[in-house]
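Visitor: Sequence and predicted structure, then a few things I'm wondering about:
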Amino acid sequence: MSVTDEILRKIPRPNYSELPQLYESLDNMARRIGSILENSKLFERETGIVRFDRASGADIRGLIMEDPKVMVPFFTTICGFSERELERLYNIKDVYSLRSAIDERKLNIFVSIIVEHLRHPLSLETLLYKFYKNWEEHQKRHYRGRTAESYVVDFLRSRGFNVGKVKVRCEGKEREIDCAIPPSPHEPKVIILIRGGVLRDLAKRAKEYSAEFDELSTCFPQARFVVVYLVSPHERARINEIRMKIEEERRGKRPYDLVVLTPEELEILLVKLGEWSIKPGELKTQS
């Protein structure tokens, strides 16, 4: 068993039954990161220490370029930065874009930040454990969101509606709509904003919904706006409170056309689509 595999064996995976694909991705990323670090000149095999105290900018850049897809998230989480903090403090917008497209200016700033903050030797076990748990927390919402998105899209498609995720340009920015009917970048008739989550996240999610609504409604004022926030079964007893918090965020503004909080309430969406004269199979995707 490699050093990295031995470390991974110890890491708890509390949500494995719910999110097995997340943990498969985490394991693969951690193995790749571990392999890159183990084979670098900074790694002391006899101690298991990565000597960041001896790392130059060229060393850090070399580690990133071995595999930007995993090393950009690794260094971001190890340094303790969020994506928004890097933009606010260092003017690095969308640091994770470096995973697929190298921007030399952005990369040079990113490298200098890492050199500034990683100044001490750290064990490989500490590094992999911190990355794993931080990236796990970062990705849970995205995986749960994608699960909710897939459920809604599959439900509507099974009823014959032409739906899907679509990217649109609005107010000079590119935005991604979770689910649109039809999935047209020019004239979606219904815009569905989808999340999955728990009550603890609700205040943040309600603000996100409202901000997306404000922005997209300026570009698509005739579209209907639906919020889907699939509530966890153990929080169904508080469903009225959740609905109130989501709707309260729109106080004094245009309200949502519908708020859906359970899979069963998607049947109400079907009724609303009929009221809005949107029928299965009628709207073809516009390019």
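Guide: Received, thanks.

Visitor: Leu167 looks like it's in a helix, true?
Guide: Quick fix: residue 167 reads Lys, not Leu. No - counting by DSSP: H, G, I helix; E, B strand; the rest coil, Lys167 is not found in a helix; it is strand.

Visitor: Now do the same for the residue lying closest to it once chain neighbours are set aside: helix, strand or coil?
Guide: Residue nearest to Lys167 in three dimensions, not counting chain neighbours: Glu176, with 5.1 Å by C-beta to C-beta, 6 or more residues apart in numbering. Glycine gets a C-beta too; all of them are placed from N, C-alpha and C. Following three-state DSSP, Glu176 is assigned to strand.

Visitor: who touches Glu176 in this structure?
Guide: Lys165, Val166, Lys167, Val168 (C-beta atoms under 8 Å, 6 or more residues apart in numbering).

Visitor: Now restrict the residues you listed to buried residues only.
Guide: Neighbour counting by 16 or more other C-beta atoms under 10 Å classes Val166, Val168 among the contacts of Glu176 as buried.

Visitor: Quickly run through the sheet partners of the worst-scoring helix or strand of the chain on mean pLDDT, with directions.
Guide: Sorted by mean pLDDT, DSSP states H and E, the helices and strands of the chain end with strand 190-197, the least confident at a mean of 87. Paired with strand 190-197 in the same sheet, following DSSP bridges, are strand 173-181 (antiparallel), strand 224-231 (parallel).

Visitor: can you redo those strands as JSON lines with distance to Val95 and mean pLDDT?
Guide: Converted to JSON lines, the strands paired with strand 190-197 look like this (distance: least, C-beta to C-beta, whole Å; pLDDT from 0 to 100):
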{"stretch": "strand 173-181", "distance to Val95": "17", "mean pLDDT": "90"}
{"stretch": "strand 224-231", "distance to Val95": "28", "mean pLDDT": "93"}
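
Visitor: most packed of these?
Guide: strand 224-231 (a mean of 23; mean count of other C-beta atoms under 10 Å).

Visitor: Check which helices and strands the strand or helix carrying Thr76 is in contact with.
Guide: Using DSSP states H and E, Thr76 falls within helix 68-79. Secondary-structure packing of helix 68-79 (3 or more C-beta pairs under 8 Å, 6 or more residues apart in numbering; DSSP states H and E): helix 20-38, helix 57-66, helix 104-117, helix 124-158.

Visitor: Buried by neighbour count: which residues of the second one qualify?
Guide: The neighbour-count check on helix 57-66 (16+ other C-beta under 10 Å) flags Asp59, Ile60, Arg61, Gly62, Leu63, Ile64, Glu66 as buried.

Visitor: One more: the third one?
Guide: Of the residues in helix 104-117, those scored as buried under the neighbour-count criterion (16+ other C-beta under 10 Å) are Lys106, Leu107, Ile109, Phe110, Val111, Ile113, Ile114, Val115.

Visitor: Show me the contact partners of stretch 206-224.
Guide: Contacts of stretch 206-224 (C-beta under 8 Å, 6+ apart): 168, 170-171, 175, 177, 187-191, 193, 195, 225, 227, 229, 245-246, 248-250, 253-254, 256-258, 272, 276.
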